[in-house]
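In: Below are the sequence and a predicted model; questions follow.
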Amino acid sequence: MWGFESPRPYQNYNQARRASADDDMNIQKEETGTLTATLKVKLTPEDYNPGLEKALKEQRKSAVLPGFRPGQVPMTLIKKRVGKALLVNEVERLIDENLRSYLETNAIRVLGQPLPKNESADTNNWDEPGDFEFAYELGMAPAFEVELDKLKIEYPVMDVNDELVQREVSDMQRRFGKLEDGATSETNDMLLGDMIELDADGTIKEGGIMHRATISLEYLEDQATRSLLTGKTVGEEVVVDPHKVSRDHEDLARMLGVDHDRIHHIQGNFIFRIVEIKRMTPVELGPELFDRVYGKDAVSDEAGFRAKVKEGLERSFLRDSDRIFKRSVMKGLNERASFGLPDNFLKRWIQETSKEPVSAEQVEENYTSYAEGLKRQLVEDRVIEKYGLEAKGEEIDAFAKRYIEDQFAQYGMPAPEGEKLQQMAGRLLGDREQLSRMRDSIVQQKLTVHFKTLLDPKEKKVSFEEFITLARTA
(Lines give C-alpha, C1' and ligand atoms only; values in the text may rest on other atoms or scores of the structure.)
Protein backbone atom coordinates (compact mmCIF):
# COMPACT_ATOMS: atom_id res chain seq x y z
CA MET A 1 0.00 0.00 0.00
CA TRP A 2 2.69 2.50 1.02
CA GLY A 3 6.47 2.25 0.84
CA PHE A 4 7.20 2.11 4.56
CA GLU A 5 7.19 -0.32 7.46
CA SER A 6 4.47 -0.26 10.09
CA PRO A 7 5.54 1.57 13.24
CA ARG A 8 5.77 -0.76 16.21
CA PRO A 9 6.47 -0.39 19.92
CA TYR A 10 10.12 -0.42 20.92
CA GLN A 11 11.18 0.42 17.34
CA ASN A 12 14.35 2.50 17.08
CA TYR A 13 14.30 4.21 20.45
CA ASN A 14 13.04 1.73 23.00
CA GLN A 15 15.55 -0.99 22.17
CA ALA A 16 18.59 1.30 22.06
CA ARG A 17 21.26 1.41 24.71
CA ARG A 18 21.15 4.17 27.25
CA ALA A 19 23.28 7.22 26.70
CA SER A 20 26.08 7.94 29.12
CA ALA A 21 25.58 10.37 32.00
CA ASP A 22 27.90 12.83 30.24
CA ASP A 23 25.35 13.17 27.40
CA ASP A 24 22.36 14.10 29.59
CA MET A 25 20.50 17.21 28.49
CA ASN A 26 17.31 19.04 29.33
CA ILE A 27 14.27 17.12 28.01
CA GLN A 28 10.73 18.00 29.02
CA LYS A 29 7.62 15.95 28.15
CA GLU A 30 4.31 17.68 27.55
CA GLU A 31 1.14 15.58 27.10
CA THR A 32 -0.86 16.69 24.06
CA GLY A 33 -3.46 13.92 23.85
CA THR A 34 -4.37 10.43 25.00
CA LEU A 35 -1.54 8.82 23.02
CA THR A 36 0.46 11.85 21.92
CA ALA A 37 3.02 14.10 23.54
CA THR A 38 5.68 16.66 22.71
CA LEU A 39 9.28 16.34 23.86
CA LYS A 40 11.01 19.69 24.25
CA VAL A 41 14.79 19.40 24.04
CA LYS A 42 17.26 22.08 25.10
CA LEU A 43 21.02 21.98 24.39
CA THR A 44 23.59 24.33 25.80
CA PRO A 45 27.15 24.92 24.57
CA GLU A 46 28.29 22.74 27.48
CA ASP A 47 26.39 19.86 25.87
CA TYR A 48 27.72 20.09 22.32
CA ASN A 49 31.10 21.85 22.58
CA PRO A 50 33.15 18.81 23.76
CA GLY A 51 32.03 16.70 20.82
CA LEU A 52 32.34 19.59 18.40
CA GLU A 53 35.91 20.39 19.48
CA LYS A 54 36.87 16.73 19.11
CA ALA A 55 35.39 16.61 15.58
CA LEU A 56 37.20 19.82 14.62
CA LYS A 57 40.54 18.44 15.81
CA GLU A 58 39.99 15.23 13.86
CA GLN A 59 39.13 17.27 10.79
CA ARG A 60 42.29 19.38 11.20
CA LYS A 61 44.50 16.27 11.29
CA SER A 62 43.41 15.25 7.80
CA ALA A 63 42.85 18.69 6.27
CA VAL A 64 44.96 19.59 3.23
CA LEU A 65 44.99 23.22 2.00
CA PRO A 66 47.44 24.98 -0.33
CA GLY A 67 50.16 26.81 1.63
CA PHE A 68 49.81 24.65 4.75
CA ARG A 69 51.44 21.41 5.76
CA PRO A 70 49.09 18.46 6.47
CA GLY A 71 47.69 18.80 9.96
CA GLN A 72 48.84 22.42 10.32
CA VAL A 73 45.84 24.24 8.84
CA PRO A 74 44.76 26.99 11.28
CA MET A 75 41.69 26.06 13.33
CA THR A 76 40.00 29.31 12.27
CA LEU A 77 40.01 28.10 8.63
CA ILE A 78 38.75 24.65 9.66
CA LYS A 79 35.86 26.24 11.56
CA LYS A 80 35.06 28.51 8.64
CA ARG A 81 35.01 25.64 6.12
CA VAL A 82 33.30 22.82 8.05
CA GLY A 83 32.45 24.16 11.49
CA LYS A 84 28.75 24.62 10.85
CA ALA A 85 28.33 21.17 9.29
CA LEU A 86 30.17 19.53 12.19
CA LEU A 87 28.01 21.45 14.67
CA VAL A 88 24.83 20.24 12.99
CA ASN A 89 26.13 16.64 13.03
CA GLU A 90 27.04 16.84 16.72
CA VAL A 91 23.70 18.37 17.72
CA GLU A 92 21.80 15.69 15.75
CA ARG A 93 23.91 12.96 17.35
CA LEU A 94 23.27 14.27 20.84
CA ILE A 95 19.54 14.63 20.29
CA ASP A 96 19.23 11.14 18.82
CA GLU A 97 21.23 9.51 21.59
CA ASN A 98 19.50 11.34 24.43
CA LEU A 99 16.02 10.86 23.05
CA ARG A 100 16.71 7.14 22.92
CA SER A 101 17.92 7.19 26.51
CA TYR A 102 14.99 9.29 27.72
CA LEU A 103 12.36 7.06 26.13
CA GLU A 104 13.97 3.89 27.41
CA THR A 105 14.60 5.19 30.93
CA ASN A 106 11.00 6.42 31.22
CA ALA A 107 9.55 3.27 29.59
CA ILE A 108 7.75 5.27 26.90
CA ARG A 109 6.61 2.96 24.12
CA VAL A 110 6.53 4.90 20.90
CA LEU A 111 5.12 4.03 17.49
CA GLY A 112 7.64 4.80 14.80
CA GLN A 113 9.97 7.53 15.94
CA PRO A 114 9.59 11.10 17.22
CA LEU A 115 8.85 13.58 14.45
CA PRO A 116 10.49 17.03 14.62
CA LYS A 117 8.24 20.06 14.79
CA ASN A 118 9.90 22.15 12.11
CA GLU A 119 8.67 25.48 13.44
CA SER A 120 10.53 24.84 16.71
CA ALA A 121 13.92 24.91 14.94
CA ASP A 122 13.37 28.21 13.13
CA THR A 123 14.55 30.28 16.10
CA ASN A 124 17.91 28.48 16.38
CA ASN A 125 20.94 30.44 15.13
CA TRP A 126 23.52 28.07 13.65
CA ASP A 127 25.86 30.92 12.68
CA GLU A 128 26.10 32.24 16.25
CA PRO A 129 25.45 29.09 18.28
CA GLY A 130 24.29 29.33 21.87
CA ASP A 131 21.38 27.48 23.43
CA PHE A 132 19.39 25.33 21.00
CA GLU A 133 15.76 24.33 21.47
CA PHE A 134 13.84 21.67 19.54
CA ALA A 135 10.46 19.98 19.85
CA TYR A 136 9.43 16.48 18.77
CA GLU A 137 5.99 14.94 18.44
CA LEU A 138 5.46 11.45 19.87
CA GLY A 139 2.87 8.84 18.99
CA MET A 140 2.69 6.33 21.82
CA ALA A 141 1.64 2.68 21.79
CA PRO A 142 -1.60 2.01 23.70
CA ALA A 143 -1.55 0.00 26.91
CA PHE A 144 -3.93 -2.97 26.90
CA GLU A 145 -4.15 -6.55 28.12
CA VAL A 146 -4.79 -9.85 26.37
CA GLU A 147 -6.66 -12.66 28.12
CA LEU A 148 -6.04 -16.00 26.46
CA ASP A 149 -7.71 -18.19 29.06
CA LYS A 150 -11.15 -16.76 28.25
CA LEU A 151 -11.04 -17.84 24.60
CA LYS A 152 -12.88 -20.94 23.37
CA ILE A 153 -11.39 -21.88 20.01
CA GLU A 154 -11.77 -25.33 18.45
CA TYR A 155 -8.89 -27.08 16.70
CA PRO A 156 -9.91 -28.04 13.14
CA VAL A 157 -8.89 -31.50 11.96
CA MET A 158 -9.33 -32.58 8.37
CA ASP A 159 -11.58 -35.62 7.98
CA VAL A 160 -9.37 -37.61 5.62
CA ASN A 161 -12.02 -39.92 4.15
CA ASP A 162 -11.80 -42.56 1.43
CA GLU A 163 -12.70 -40.05 -1.29
CA LEU A 164 -9.79 -37.79 -0.33
CA VAL A 165 -7.41 -40.76 -0.16
CA GLN A 166 -8.53 -41.89 -3.64
CA ARG A 167 -7.96 -38.38 -4.99
CA GLU A 168 -4.39 -38.45 -3.65
CA VAL A 169 -3.79 -41.99 -4.97
CA SER A 170 -4.99 -40.97 -8.46
CA ASP A 171 -2.69 -37.96 -8.35
CA MET A 172 0.25 -40.22 -7.42
CA GLN A 173 -0.59 -42.57 -10.29
CA ARG A 174 -0.42 -39.67 -12.72
CA ARG A 175 2.65 -38.12 -11.10
CA PHE A 176 4.63 -41.34 -11.49
CA GLY A 177 3.04 -42.29 -14.82
CA LYS A 178 4.59 -42.35 -18.28
CA LEU A 179 4.45 -39.60 -20.90
CA GLU A 180 3.32 -41.16 -24.19
CA ASP A 181 2.24 -39.99 -27.63
CA GLY A 182 -1.48 -39.57 -28.27
CA ALA A 183 -3.27 -39.90 -31.60
CA THR A 184 -6.13 -37.51 -30.85
CA SER A 185 -6.00 -34.81 -28.17
CA GLU A 186 -7.98 -35.35 -24.97
CA THR A 187 -8.92 -32.93 -22.18
CA ASN A 188 -5.84 -33.62 -20.00
CA ASP A 189 -3.23 -33.82 -22.78
CA MET A 190 -0.24 -31.60 -23.37
CA LEU A 191 0.09 -30.17 -26.88
CA LEU A 192 3.36 -29.08 -28.43
CA GLY A 193 3.04 -26.79 -31.43
CA ASP A 194 3.85 -23.54 -33.22
CA MET A 195 2.21 -20.26 -32.21
CA ILE A 196 1.94 -18.06 -35.35
CA GLU A 197 0.69 -14.47 -35.12
CA LEU A 198 -2.16 -13.45 -37.42
CA ASP A 199 -3.02 -10.08 -38.93
CA ALA A 200 -6.42 -8.41 -38.44
CA ASP A 201 -7.72 -10.03 -41.66
CA GLY A 202 -6.81 -13.53 -40.42
CA THR A 203 -3.71 -13.99 -42.60
CA ILE A 204 -0.27 -14.74 -41.19
CA LYS A 205 1.27 -11.46 -40.06
CA GLU A 206 4.43 -10.48 -41.92
CA GLY A 207 7.29 -10.21 -39.43
CA GLY A 208 4.97 -11.40 -36.68
CA ILE A 209 5.70 -13.78 -33.81
CA MET A 210 6.34 -17.45 -34.55
CA HIS A 211 7.43 -19.62 -31.64
CA ARG A 212 7.30 -23.27 -30.52
CA ALA A 213 5.08 -23.52 -27.42
CA THR A 214 3.40 -26.02 -25.10
CA ILE A 215 -0.25 -25.88 -24.02
CA SER A 216 -1.50 -28.07 -21.14
CA LEU A 217 -5.21 -28.55 -21.76
CA GLU A 218 -5.76 -29.66 -18.17
CA TYR A 219 -4.93 -26.19 -16.83
CA LEU A 220 -6.82 -24.05 -19.35
CA GLU A 221 -9.43 -21.99 -17.50
CA ASP A 222 -11.38 -21.05 -20.62
CA GLN A 223 -13.63 -24.04 -21.35
CA ALA A 224 -14.39 -22.97 -24.92
CA THR A 225 -10.66 -22.88 -25.77
CA ARG A 226 -10.14 -26.28 -24.17
CA SER A 227 -12.99 -27.74 -26.24
CA LEU A 228 -11.53 -26.13 -29.36
CA LEU A 229 -8.20 -27.91 -28.81
CA THR A 230 -9.75 -31.28 -27.91
CA GLY A 231 -10.21 -34.01 -30.52
CA LYS A 232 -7.40 -32.72 -32.75
CA THR A 233 -4.59 -34.61 -34.44
CA VAL A 234 -0.97 -33.80 -35.26
CA GLY A 235 -0.74 -31.29 -38.12
CA GLU A 236 -4.10 -29.64 -37.49
CA GLU A 237 -4.29 -25.87 -36.98
CA VAL A 238 -6.53 -24.06 -34.51
CA VAL A 239 -7.05 -20.29 -34.25
CA VAL A 240 -6.69 -19.27 -30.59
CA ASP A 241 -6.70 -16.14 -28.47
CA PRO A 242 -3.18 -16.14 -26.95
CA HIS A 243 -4.46 -14.62 -23.70
CA LYS A 244 -6.79 -17.61 -23.21
CA VAL A 245 -4.06 -20.25 -23.49
CA SER A 246 -1.80 -18.65 -20.85
CA ARG A 247 -2.15 -17.86 -17.15
CA ASP A 248 -0.94 -14.25 -17.25
CA HIS A 249 1.27 -11.84 -19.20
CA GLU A 250 4.45 -13.33 -17.80
CA ASP A 251 3.41 -16.84 -18.81
CA LEU A 252 2.39 -15.62 -22.28
CA ALA A 253 5.75 -13.85 -22.76
CA ARG A 254 7.53 -17.15 -22.12
CA MET A 255 5.13 -19.02 -24.38
CA LEU A 256 5.76 -16.64 -27.28
CA GLY A 257 9.48 -16.09 -26.57
CA VAL A 258 9.17 -12.28 -26.34
CA ASP A 259 9.79 -9.55 -23.78
CA HIS A 260 7.06 -8.83 -21.25
CA ASP A 261 6.53 -5.29 -22.62
CA ARG A 262 5.61 -6.60 -26.06
CA ILE A 263 2.69 -8.61 -24.62
CA HIS A 264 0.76 -5.40 -23.94
CA HIS A 265 0.64 -4.69 -27.69
CA ILE A 266 -0.63 -8.12 -28.78
CA GLN A 267 -4.32 -7.89 -29.65
CA GLY A 268 -5.06 -10.35 -32.45
CA ASN A 269 -5.33 -14.13 -32.67
CA PHE A 270 -2.70 -16.82 -33.37
CA ILE A 271 -2.66 -20.06 -35.27
CA PHE A 272 -1.64 -22.98 -33.08
CA ARG A 273 -0.23 -25.72 -35.37
CA ILE A 274 -0.09 -29.02 -33.45
CA VAL A 275 3.25 -30.83 -33.73
CA GLU A 276 2.99 -33.39 -30.91
CA ILE A 277 0.33 -34.72 -28.55
CA LYS A 278 1.64 -35.95 -25.22
CA ARG A 279 -0.44 -37.89 -22.72
CA MET A 280 0.39 -38.90 -19.17
CA THR A 281 -0.56 -42.54 -18.75
CA PRO A 282 -1.05 -43.31 -15.03
CA VAL A 283 1.00 -46.09 -13.49
CA GLU A 284 -1.05 -49.05 -12.30
CA LEU A 285 -1.94 -49.35 -8.63
CA GLY A 286 0.57 -52.01 -7.65
CA PRO A 287 4.11 -52.78 -6.41
CA GLU A 288 5.79 -50.41 -8.92
CA LEU A 289 3.84 -47.42 -7.57
CA PHE A 290 4.23 -48.55 -3.94
CA ASP A 291 8.03 -48.75 -4.30
CA ARG A 292 8.36 -45.43 -6.16
CA VAL A 293 6.33 -43.53 -3.56
CA TYR A 294 7.57 -45.08 -0.29
CA GLY A 295 10.70 -47.03 -1.22
CA LYS A 296 11.51 -50.64 -1.98
CA ASP A 297 9.24 -53.13 -0.12
CA ALA A 298 8.01 -50.46 2.34
CA VAL A 299 4.43 -51.37 1.39
CA SER A 300 3.28 -54.87 0.43
CA ASP A 301 -0.37 -54.42 -0.61
CA GLU A 302 -3.01 -51.89 -1.60
CA ALA A 303 -4.54 -51.68 1.88
CA GLY A 304 -1.16 -50.84 3.39
CA PHE A 305 -0.51 -48.28 0.64
CA ARG A 306 -3.83 -46.52 1.21
CA ALA A 307 -3.19 -46.52 4.96
CA LYS A 308 0.16 -44.76 4.45
CA VAL A 309 -1.39 -42.28 2.04
CA LYS A 310 -4.05 -41.47 4.64
CA GLU A 311 -1.44 -41.11 7.36
CA GLY A 312 0.62 -38.77 5.19
CA LEU A 313 -2.40 -36.61 4.36
CA GLU A 314 -3.39 -36.35 8.02
CA ARG A 315 0.16 -35.34 8.94
CA SER A 316 0.38 -32.70 6.22
CA PHE A 317 -3.03 -31.26 7.07
CA LEU A 318 -2.03 -30.98 10.74
CA ARG A 319 0.42 -28.23 9.80
CA ASP A 320 -2.46 -26.38 8.17
CA SER A 321 -4.60 -27.06 11.24
CA ASP A 322 -1.95 -25.40 13.39
CA ARG A 323 -1.93 -22.32 11.16
CA ILE A 324 -5.73 -22.05 11.10
CA PHE A 325 -5.94 -22.52 14.87
CA LYS A 326 -3.29 -19.89 15.57
CA ARG A 327 -4.97 -17.39 13.23
CA SER A 328 -8.35 -18.09 14.86
CA VAL A 329 -6.92 -17.42 18.32
CA MET A 330 -5.34 -14.18 17.15
CA LYS A 331 -8.61 -13.18 15.48
CA GLY A 332 -10.44 -13.79 18.77
CA LEU A 333 -7.91 -11.72 20.69
CA ASN A 334 -8.19 -8.89 18.15
CA GLU A 335 -11.96 -8.85 18.45
CA ARG A 336 -11.70 -8.57 22.25
CA ALA A 337 -8.94 -5.96 22.25
CA SER A 338 -10.29 -2.45 22.58
CA PHE A 339 -7.82 0.38 22.24
CA GLY A 340 -7.24 3.46 20.14
CA LEU A 341 -4.29 4.72 18.13
CA PRO A 342 -2.72 8.19 17.76
CA ASP A 343 -4.37 8.51 14.34
CA ASN A 344 -3.36 12.07 13.47
CA PHE A 345 0.25 11.41 14.42
CA LEU A 346 0.33 8.17 12.41
CA LYS A 347 -1.08 9.88 9.33
CA ARG A 348 1.69 12.47 9.51
CA TRP A 349 4.23 9.71 10.17
CA ILE A 350 3.05 7.89 7.05
CA GLN A 351 3.48 10.95 4.86
CA GLU A 352 6.92 11.82 6.22
CA THR A 353 8.43 8.30 6.17
CA SER A 354 6.91 6.88 2.99
CA LYS A 355 9.52 5.88 0.40
CA GLU A 356 7.29 7.31 -2.31
CA PRO A 357 5.43 10.64 -1.95
CA VAL A 358 1.83 10.21 -0.79
CA SER A 359 -0.87 12.84 -0.50
CA ALA A 360 -3.07 13.47 2.52
CA GLU A 361 -6.01 12.15 0.47
CA GLN A 362 -4.19 8.88 -0.27
CA VAL A 363 -3.32 8.45 3.39
CA GLU A 364 -6.93 9.07 4.42
CA GLU A 365 -8.24 6.63 1.82
CA ASN A 366 -6.04 3.75 2.99
CA TYR A 367 -5.73 4.55 6.68
CA THR A 368 -8.53 2.30 7.99
CA SER A 369 -7.01 -0.91 6.63
CA TYR A 370 -3.57 0.26 7.70
CA ALA A 371 -4.76 0.91 11.27
CA GLU A 372 -6.44 -2.50 11.44
CA GLY A 373 -3.20 -4.17 10.39
CA LEU A 374 -1.24 -2.21 12.98
CA LYS A 375 -3.70 -3.20 15.71
CA ARG A 376 -3.32 -6.87 14.79
CA GLN A 377 0.44 -6.52 15.02
CA LEU A 378 0.23 -4.74 18.38
CA VAL A 379 -1.95 -7.53 19.80
CA GLU A 380 0.51 -10.17 18.62
CA ASP A 381 3.43 -8.20 20.04
CA ARG A 382 1.62 -7.95 23.38
CA VAL A 383 1.06 -11.73 23.49
CA ILE A 384 4.72 -12.36 22.67
CA GLU A 385 5.86 -9.94 25.38
CA LYS A 386 3.40 -11.12 28.07
CA TYR A 387 4.24 -14.81 27.71
CA GLY A 388 7.95 -14.44 26.93
CA LEU A 389 7.78 -15.94 23.43
CA GLU A 390 10.58 -13.94 21.87
CA ALA A 391 13.18 -15.83 19.80
CA LYS A 392 16.39 -16.24 21.80
CA GLY A 393 19.86 -16.06 20.29
CA GLU A 394 20.62 -19.75 20.77
CA GLU A 395 17.26 -20.69 19.21
CA ILE A 396 17.97 -18.59 16.12
CA ASP A 397 21.45 -20.12 15.82
CA ALA A 398 20.02 -23.66 16.06
CA PHE A 399 17.33 -22.76 13.50
CA ALA A 400 19.97 -21.52 11.05
CA LYS A 401 21.94 -24.77 11.41
CA ARG A 402 18.84 -26.91 10.84
CA TYR A 403 18.01 -24.82 7.79
CA ILE A 404 21.48 -25.43 6.33
CA GLU A 405 21.28 -29.16 7.08
CA ASP A 406 17.88 -29.38 5.38
CA GLN A 407 19.24 -27.60 2.29
CA PHE A 408 22.07 -30.13 1.96
CA ALA A 409 19.64 -33.03 2.58
CA GLN A 410 17.44 -31.88 -0.32
CA TYR A 411 20.36 -32.48 -2.68
CA GLY A 412 21.33 -35.75 -1.02
CA MET A 413 24.58 -34.28 0.31
CA PRO A 414 26.07 -34.63 3.79
CA ALA A 415 25.78 -31.42 5.81
CA PRO A 416 28.93 -29.78 7.21
CA GLU A 417 29.62 -30.22 10.89
CA GLY A 418 31.30 -28.39 13.76
CA GLU A 419 33.11 -25.17 12.97
CA LYS A 420 32.24 -25.30 9.27
CA LEU A 421 28.52 -25.49 10.04
CA GLN A 422 28.83 -22.64 12.56
CA GLN A 423 30.58 -20.45 9.99
CA MET A 424 27.84 -21.06 7.42
CA ALA A 425 25.19 -20.31 10.06
CA GLY A 426 27.05 -17.11 10.95
CA ARG A 427 26.97 -15.94 7.33
CA LEU A 428 23.25 -16.71 7.14
CA LEU A 429 22.57 -14.79 10.34
CA GLY A 430 24.51 -11.85 8.93
CA ASP A 431 21.76 -11.34 6.35
CA ARG A 432 19.18 -9.09 8.03
CA GLU A 433 16.28 -10.35 5.91
CA GLN A 434 17.16 -13.98 6.60
CA LEU A 435 17.58 -13.22 10.30
CA SER A 436 14.17 -11.54 10.41
CA ARG A 437 12.50 -14.48 8.66
CA MET A 438 14.09 -17.00 11.02
CA ARG A 439 13.15 -14.98 14.10
CA ASP A 440 9.57 -14.70 12.85
CA SER A 441 9.36 -18.45 12.12
CA ILE A 442 10.50 -19.30 15.64
CA VAL A 443 8.04 -16.87 17.21
CA GLN A 444 5.14 -18.18 15.11
CA GLN A 445 5.97 -21.75 16.17
CA LYS A 446 6.09 -20.66 19.81
CA LEU A 447 2.74 -18.91 19.51
CA THR A 448 1.10 -22.07 18.14
CA VAL A 449 2.57 -24.32 20.85
CA HIS A 450 1.65 -21.83 23.58
CA PHE A 451 -1.94 -21.47 22.36
CA LYS A 452 -2.42 -25.24 22.13
CA THR A 453 -0.92 -25.81 25.57
CA LEU A 454 -2.80 -23.03 27.36
CA LEU A 455 -6.20 -23.41 25.67
CA ASP A 456 -6.19 -27.22 25.32
CA PRO A 457 -8.65 -26.93 22.42
CA LYS A 458 -11.22 -29.55 21.49
CA GLU A 459 -10.69 -31.14 18.09
CA LYS A 460 -13.37 -30.67 15.47
CA LYS A 461 -13.39 -32.83 12.36
CA VAL A 462 -14.28 -30.91 9.21
CA SER A 463 -14.69 -31.85 5.57
CA PHE A 464 -12.19 -30.91 2.89
CA GLU A 465 -14.44 -28.07 1.66
CA GLU A 466 -14.92 -26.71 5.19
CA PHE A 467 -11.18 -26.94 5.83
CA ILE A 468 -10.38 -24.96 2.67
CA THR A 469 -12.92 -22.30 3.66
CA LEU A 470 -11.36 -22.01 7.13
CA ALA A 471 -7.89 -21.71 5.61
CA ARG A 472 -9.08 -18.78 3.49
CA THR A 473 -11.15 -16.94 6.08
CA ALA A 474 -9.67 -17.66 9.52
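Out: Looks like it came in fine. Numbering: from 1, shown residues only.

In: Which helix or strand in the protein has the lowest average pLDDT?
Out: Taking mean pLDDT, DSSP states H and E as the measure, the chain has helix 118-121 as its least confident helix or strand, at a mean of 66.

In: model confidence over the helix or strand following that one, on average?
Out: Where DSSP states H and E defines the elements, the next helix or strand beyond helix 118-121 is strand 132-139. What strand 132-139 shows for mean pLDDT is 93.

In: buried stuff in strand 132-139?
Out: 132, 134, 135, 136, 137, 138, 139 (16 or more other Cβ atoms under 10 Å). No exception for glycine: its C-beta is placed from N, CA and C like everyone else's.

In: what comes into contact with it?
Out: Applying Cβ atoms under 8 Å, 6 or more residues apart in numbering, the contact partners of strand 132-139 are 7, 32, 35-43, 48, 91, 95, 99, 108, 110-112, 114-117, 120-121, 123-124, 341-342, 345-346, 348-349.

In: quick one, helices of the stretch 1-150 of the chain?
Out: Listed in chain order, the helices found in the stretch 1-150 of the chain under DSSP state H, counting those that start in this stretch are 45-62, 75-78, 84-105, 118-121.

In: Let's have these in JSON lines, adding distance to residue 328 and mean neighbour count.
Out: Shown next, in JSON lines, are the helices of the stretch 1-150 of the chain (distance: least, Cβ to Cβ, whole Å; neighbours: other Cβ atoms under 10 Å):
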{"stretch": "helix 45-62", "distance to residue 328": "53", "mean neighbour count": "15"}
{"stretch": "helix 75-78", "distance to residue 328": "65", "mean neighbour count": "14"}
{"stretch": "helix 84-105", "distance to residue 328": "35", "mean neighbour count": "18"}
{"stretch": "helix 118-121", "distance to residue 328": "46", "mean neighbour count": "12"}
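
In: weakest of those by average pLDDT?
Out: helix 118-121 - the lowest mean pLDDT of these, at a mean of 66.

In: Buried among the contacts of strand 132-139? Make that a ChimeraX selection.
Out: A single ChimeraX command suffices to select whichever of those are buried according to 16+ other Cβ under 10 Å:
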select :7,35,36,37,38,39,41,43,48,91,95,99,108,110,111,112,114,115,120,341,342,345,346,348,349
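
In: mind listing which of the contacts of strand 132-139 are in strands?
Out: Counting by DSSP state E, the contacts of strand 132-139 place 36, 37, 38, 39, 40, 41, 42, 43, 115, 116 in strands.

In: between the residues you listed, which is closest to residue 379?
Out: Comparing the ones in strands among the contacts of strand 132-139 against residue 379 with Cβ to Cβ picks out residue 36 as the nearest, at 21.0 Å.

In: I'd guessed the closest one sits against residue 341; true?
Out: No: in this structure residue 36 lies outside contact range of residue 341 using Cβ atoms under 8 Å: 10.3 Å.

In: Residue 379 - how many residues pack around it?
Out: 20 (other Cβ atoms under 10 Å).

In: How about residue 305?
Out: Neighbours around residue 305, by other Cβ under 10 Å: 22.

In: Confirm it sits in a helix?
Out: Yes: under DSSP: H, G, I helix; E, B strand; the rest coil, residue 305 falls within a helix.

In: tell me the pLDDT at the closest residue to it other than its chain neighbours?
Out: Among residues not flanking residue 305 along the chain, residue 299 sits closest, at 4.7 Å (Cβ to Cβ, 6 or more residues apart in numbering). If you check residue 299, the pLDDT there is 92.

In: ok, now residue 108?
Out: pLDDT recorded at residue 108 is 92.
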